[in-house]
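Trainee: structure, please.
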Amino acid sequence: MEFKIDKTIITKNSDPYIIAEACDNHFGKIDYAIKMIEESKKAGANAVKFQHHLPDEEMLPDIPMSDNFSEPLYEFLKKNALKLKDHIKLKEICDKVGITYLCTPFSFKAAEEINDLVPIFKIGSGEMTDLPTIKKIINFNKGMIISTGMSVFDEITRTYNLVSQKVPLVLMNCISEYPVSYEDMNLNVISKMIEIYPKAIIGHSDHSSELFTSFSAMTLGAKVVEKHVILDKKMKGPDQEVSIDFNELNELVKISKKINRTLGDEKKIHPKEKQIRAWAYRSIVTIKNIPRGKIIEQEDIWCKRPGTGIPSFEMENIIGRKVKNKIKINSLLKWEDLE
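Mentor: Prediction:
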């Protein structure tokens, strides 16, 4: 199973793919958005992601709002959403600095408008069950990254069955709380998703304000990690509480590569362990002078370091054996000492 974004191929063994989610932390200001691209590149992220909102295409003006917004979402987006010309400009900047441009469309018309700009489509949690729209976006024949917040497995499975048969798929574990509580995080869902959805790469969209949750997700097998970013944590906005700054993003990137190096699943004696094993393991040694021809009893032997003689787990097989020659106290017992 693999998923390709531009020239990067994501597999179960690859380094985690890190997406810097700009969300609406640019507040509609193109210079802020450009700065976020530049800082994401400096931090080492694989991609920076924006959002394409056409409010009249995606919602009614009077939809109810969650408490992370200080004003109606419709009004907020009317003031702060990036325009298509902005996205075209941001894509150009991404290409110039050498970072992948990604974007979430929140309607089919938005997807149509950005189709030529994106290598894959990112689908938000709110659209995960919107199968009519997803079916139309599938026709662009591009891979999809789909977040799964606010959902149960039956809903995820319905979308998975549709999409995984048509295009490459990444499913993002996600909790749509801003910020998410530790108790609601349920990171072991990642392991379940890996088992249940074998045709998808599994990732994690992290709505916490810390880094350790992303690191935990990586150890559980998340191969794509999306984290909200902000230029200054003092800036106010609906995503400010769940956003990290770019120094933290750099830390996320650096440690993600180290984590991936630790995730081997082969239990073996490693080369650097062999020297330690030689002195740290126990062997059977004499704790008395043993005369020639004596039948070994328990009181004659015990287990001590180093581990270069007869292994201590052979104790029961040694008791009752006859020695060929006398053996001094505190000697490693050897097989050739026995008849």
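
Trainee: give me the contact list for the helix or strand hosting residue 225.
Mentor: Counting by DSSP states H and E, the element that carries residue 225 is strand 224-228. For strand 224-228, the external contacting residues (Cβ atoms under 8 Å, 6 or more residues apart in numbering) are 3, 10, 16-21, 23, 25, 49, 145, 147, 170, 172, 201, 203-207, 214, 217-218, 239, 242-244, 249, 252, 256. Using the backbone N, CA and C atoms, a C-beta is placed for each residue, glycine as well.

Trainee: quick one: the helix or strand where residue 173 lies to strand 224-228, angle?
Mentor: Assigned by DSSP H and E, residue 173 belongs to strand 169-174. In terms of direction (axes from the mean of the first three to the mean of the last three Cα atoms, to 10 degrees), strand 169-174 departs from strand 224-228 by 50 degrees.

Trainee: mind listing the helices for this protein?
Mentor: All helices of the chain, identified by DSSP state H, fall at 30-43, 55-58, 73-80, 84-97, 108-114, 131-138, 153-163, 182-185, 189-196, 212-219, 246-261, 271-280, 315-318.

Trainee: tell me which helix or strand in the chain has the weakest average pLDDT.
Mentor: helix 73-80 (a mean of 86; mean pLDDT, DSSP states H and E).

Trainee: list the buried residues for that helix?
Mentor: Within helix 73-80, the residues scored as buried using 16 or more other Cβ atoms under 10 Å are 73-74, 76-77, 80.

Trainee: who are the contact partners of the nearest residue to residue 123 once chain neighbours are set aside?
Mentor: The shortest distance from residue 123 to any non-neighbouring residue, by Cβ to Cβ, 6 or more residues apart in numbering, is to residue 146 (4.4 Å). By Cβ under 8 Å, 6+ apart, the contact list for residue 146 reads 122-123, 128, 134, 159, 163, 169-172.

Trainee: then residue 239?
Mentor: The contact partners of residue 239, taken as Cβ under 8 Å, 6+ apart, are 23-25, 68, 178, 228, 230.

Trainee: ok, it to residue 26 distance?
Mentor: Plainly put, residue 239 is 11 Å away from residue 26 if you go by Cβ to Cβ, to the nearest Å.

Trainee: count the neighbours of the residue lying closest to residue 150 once chain neighbours are set aside for me.
Mentor: Nearest non-adjacent residue to residue 150, counting by Cβ to Cβ, 6+ apart: residue 176, 4.7 Å away. Counted with other Cβ atoms under 10 Å, residues neighbouring residue 176 total 17.

Trainee: wait, residue 176 touches residue 128, no?
Mentor: No: with contacts counted by Cβ atoms under 8 Å, residue 176 stays clear of residue 128, the gap being 10.2 Å.

Trainee: quick check: neighbours shared by the two?
Mentor: In contact with both residue 176 and residue 128: residue 149, using Cβ under 8 Å, 6+ apart.

Trainee: and this protein, what are its domains?
Mentor: 14-261, 271-337 (automatic domain parsing).

Trainee: most tightly packed of those domains?
Mentor: domain 14-261 (a mean of 18; mean count of other Cβ atoms under 10 Å).

Trainee: find the nearest non-adjacent residue to residue 256, please.
Mentor: residue 16 (4.5 Å).

Trainee: what's stretch 66-78 in contact with?
Mentor: Against stretch 66-78 from outside (Cβ under 8 Å, 6+ apart): 24, 53, 55, 59-63, 65, 178, 238-239, 241.

Trainee: starting at the chain centroid, how far to that stretch?
Mentor: 30 Å (Cα atoms, centre = their mean, to the nearest Å).

Trainee: which residues of the stretch 1-150 of the chain score low on pLDDT?
Mentor: For the stretch 1-150 of the chain, the stretches with pLDDT under 70 are 68-70.

Trainee: ok, now with 90
Mentor: Residue ranges of the stretch 1-150 of the chain with pLDDT under 90: 1, 23-25, 27-28, 61-81.

Trainee: what sits against residue 166?
Mentor: Here residue 166 is in contact with residue 138 (Cβ under 8 Å, 6+ apart).
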